[in-house]
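Undergrad: requesting a structural model of the entry that follows:
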Amino acid sequence: MSETLLAYYEENAFNPVPIRLSSETDWRDHAAKRRNLYERHLGIPVRLLNGSSVLEFGCNSGENALVLAVHGARLTLVEPHAQTMVQIRHTFEQYDLDSKIEKLVGQGVDEFQSDRLFDLVLAEGFLYTLNNRDEILDKLCKLIAPGGMGVLSFNDRVGGTLEILRRALLHRICQLSGIEDIHSEASLLVTRSTFGPDWNRIPTSRTIEAWWKDNLVNPFYTSPYLWSYHELLPRLGQNDCQVSGTSPSWSLADAYSWYKDVPEAPARHDRILSEWSRNLGYFLTGLRPDHAERESDPVVVTEAHDFVDRLSDYTVGTERAENLFVPSALHGTLSRSADPRIRAFSRDLSAVISAFREDDHTALQDAYRNTELLNDLWGTPYHYLSFRREHI
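TA: As a prediction, this is how the structure comes out:
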């Protein structure tokens with residue numbers, strides 16, 4: 001197995017989300033999406049970036065950092081790979097923004113040290129895959145100036161339920177079909193035949209082969225590399241940091257409240273997690289709620305996390321297919337939802353898991369294809385989280 005997510009991508013000559021800036025249209029589209037992320041979702045007005053100090057870890061070829069530079073940020077970019085550092089310089093020179101790079105550091109996040117504090121610290125696309133991610137998150141928080149902000153992204157444990165389910169389905173179908181190498185062309189053919197029709201309905205430029213490599217057979221898309229708000233928020237609170245925004249934007253924790261209501265970070269984080277439990281159906285399915293839901297019991301939240309972990313464990317050989325089931329409290333909550341779509345999803349999920357325990361790959365494929373709703377849903381797997389360091 002590859003030692004890091006980046007090594008996996010390099011060994012497979014694979015860029016999971018290529019950012020093209022070959023035309024003015026490409027650039028405008030990319031810049032607009034990043035501004036939308038910063039301003040409307042994460043609470044970072046780009047105008048206020050002018051003159052601010054920004055530290056970005058793992059900036060890849062620098063396309064996202066370029067947007068920060070356009071708005072006047074002074075950049076410290078930390079990237080361990082020499083070839084990528086050459087690309088960063090080239091990208092910034094193309095747009096005559098190389099003067100915005102104050103420092104380009106050829107180190108990993110573990111090695112980087114600085115006595116300086118920054119107005120904005122970013123670590124997108126990799127932090128959740130590190131074995132010492134909690135300690136690195138602590139480090140990032142300490143690099144933020146009081147009143148400054150941090151941004152990270154992660155694969156959400158419950159939001160990725162459908163991705164993990166499809167991953168488990170591929171492994172089970174291959175197992176029952178005698179396909180031993182999950183990274184083989186035969187595995188890709190199973191992916192195309194089972195999930196291809198659903199994939200083709202998605203408005204994306206990404207190929208199904210890229211999705212297969214990045215999610216279904218990627219060793220870093222398993223339970224140890226999934227994260228959750230329930231893990232992250234307490235850790236941020238311990239570091240005197242408080243959530244500012246998320247993408248997708250789903251929390252109403254601050255809605256309908258007066259500005260004089262100023263909760264401490266732990267109380268506000270509790271509000272956010274209460275909102276999360278009301279949005280369980282959204283996290284699982286990606287369907288925007290059209291009915292008010294009750295707050296889920298903590299047992300249901302635990303079962304939702306555990307269910308994903310067991311599916312993931314099956315794909316790495318530490319759980320048996322016959323031991324997989326939809327936990328009772330989770331099933332009960334979904335089947336009693338006020339939203340008929342969530343109730344349909346619950347029926348679909350139970351049917352697929354039931355077929356999963358059988359020894360017939362054709363029946364399993366049919367159970368998935370014949371779902372009322374599930375095969376057209378993709379959940380909410382990838383999240384951004386912004387947070388502000390308290391004025392201490």
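Undergrad: which stretches in the stretch 1-150 of the chain count as strands?
TA: Here the stretch 1-150 of the chain has its strands, by DSSP state E, counting those that start in this stretch, at 53-57, 74-78, 101-105, 118-123, 144-155.
Undergrad: tabulate those (CSV), appending mean pLDDT and mean neighbour count.
TA: Where C-beta positions appear, they are placed from N, C-alpha and C, glycine not excepted. What follows is these, written out as CSV (pLDDT from 0 to 100; neighbours: other Cβ atoms under 10 Å):
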stretch, mean pLDDT, mean neighbour count
strand 53-57, 98, 23
strand 74-78, 97, 23
strand 101-105, 96, 15
strand 118-123, 98, 23
strand 144-155, 98, 20
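Undergrad: okay, these in CSV with distance to T285 next?
TA: Listed next are the strands of the stretch 1-150 of the chain as CSV, based on distance: least, Cβ to Cβ, whole Å:
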stretch, distance to T285
strand 53-57, 32
strand 74-78, 37
strand 101-105, 41
strand 118-123, 28
strand 144-155, 17
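Undergrad: nearest to L280, out of those strands?
TA: strand 144-155 (17.4 Å; Cβ to Cβ).
Undergrad: distance from that closest one to the middle of the chain?
TA: 15 Å (Cα atoms, centre = their mean, to the nearest Å).
Undergrad: neighbouring strands for it, and are they parallel or not?
TA: strand 118-123 (parallel), strand 382-389 (antiparallel) (DSSP bridges).
Undergrad: could you check the angle strand 53-57 makes with it?
TA: 30 degrees (axes from the mean of the first three to the mean of the last three Cα atoms, to 10 degrees).
Undergrad: tell me the buried residues in whichever helix or strand comes after strand 144-155?
TA: Note on strand 144-155: by DSSP states H and E, the next helix or strand toward the C-terminus is helix 161-177. By neighbour count with 16 or more other Cβ atoms under 10 Å, helix 161-177 contains the buried residues 161-176.
Undergrad: show me how the record splits this structure into domains.
TA: 5-155, 161-223+293-376 (automatic domain parsing).
Undergrad: average pLDDT for the last one?
TA: The average pLDDT within domain 161-223+293-376 is 96.
Undergrad: tell me the contacts of H183?
TA: V217 (Cβ atoms under 8 Å, 6 or more residues apart in numbering).
Undergrad: and the one 4 residues further on, by the same measure?
TA: Under the criterion of Cβ under 8 Å, 6+ apart, the contact partners of S187 comprise 170, 174, 179, 181, 212, 217.
Undergrad: tell me the one of these nearest H361?
TA: Closest to H361, out of all of the contacts of S187 and judged by Cβ to Cβ, is C174, at 8.3 Å.
Undergrad: can you tell me how far the residue of the chain positioned farthest from its centre sits from E390?
TA: Seen from the C-alpha centroid of the chain, the residue lying at the greatest distance (Cα atoms, centre = their mean) is K260, 33.2 Å away. Separation of K260 from E390 (Cβ to Cβ, to the nearest Å): 18 Å.
Undergrad: what does L377 give?
TA: 38 Å.
Undergrad: which one's more surrounded, the two?
TA: L377 (17 against 14; other Cβ atoms under 10 Å).
Undergrad: that one contacts F345, doesn't it?
TA: Yes - look at L377 against F345 with Cβ atoms under 8 Å: they come within range, at 7.0 Å.
Undergrad: now for these two: what residues contact both?
TA: Joint contacts of L377 and F345 (Cβ under 8 Å, 6+ apart) are 285, 287.
Undergrad: tally up the residues packed near the closest residue to L176 other than its chain neighbours, please.
TA: Nearest non-adjacent residue to L176, counting by Cβ to Cβ, 6 or more residues apart in numbering: H361, 3.8 Å away. When neighbours are defined as other Cβ under 10 Å, H361 has 20 of them.
Undergrad: and the helices in the stretch 251-392 of the chain?
TA: Listed in chain order, the helices of the stretch 251-392 of the chain (DSSP state H, counting those that start in this stretch) span 265-278, 280-285, 298-315, 328-335, 340-356, 361-369.
Undergrad: between these, which one is nearest to D110?
TA: helix 298-315 (25.6 Å).
Undergrad: report the angle between that closest one and helix 328-335.
TA: 110 degrees.
Undergrad: what comes up buried for helix 298-315?
TA: So, applying 16+ other Cβ under 10 Å, buried residues of helix 298-315: 300-301, 303-305, 307-315.
Undergrad: then stretch 260-271?
TA: 265, 268-269, 271.
Undergrad: kindly report the same for stretch 11-31.
TA: 16, 19, 21, 27, 30-31.
Undergrad: just stretch 381-392 next, same as before
TA: 381-389.
Undergrad: rebuild those as TSV, extending it with pLDDT and distance to P224.
TA: Formatted as TSV, those follow (pLDDT from 0 to 100; distance: Cβ to Cβ, whole Å):
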residue	pLDDT	distance to P224
P381	97	16
Y382	97	17
H383	98	17
Y384	98	21
L385	98	19
S386	98	25
F387	98	23
R388	97	29
R389	97	28
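Undergrad: what's the closest of these to R336?
TA: P381 (25.3 Å).
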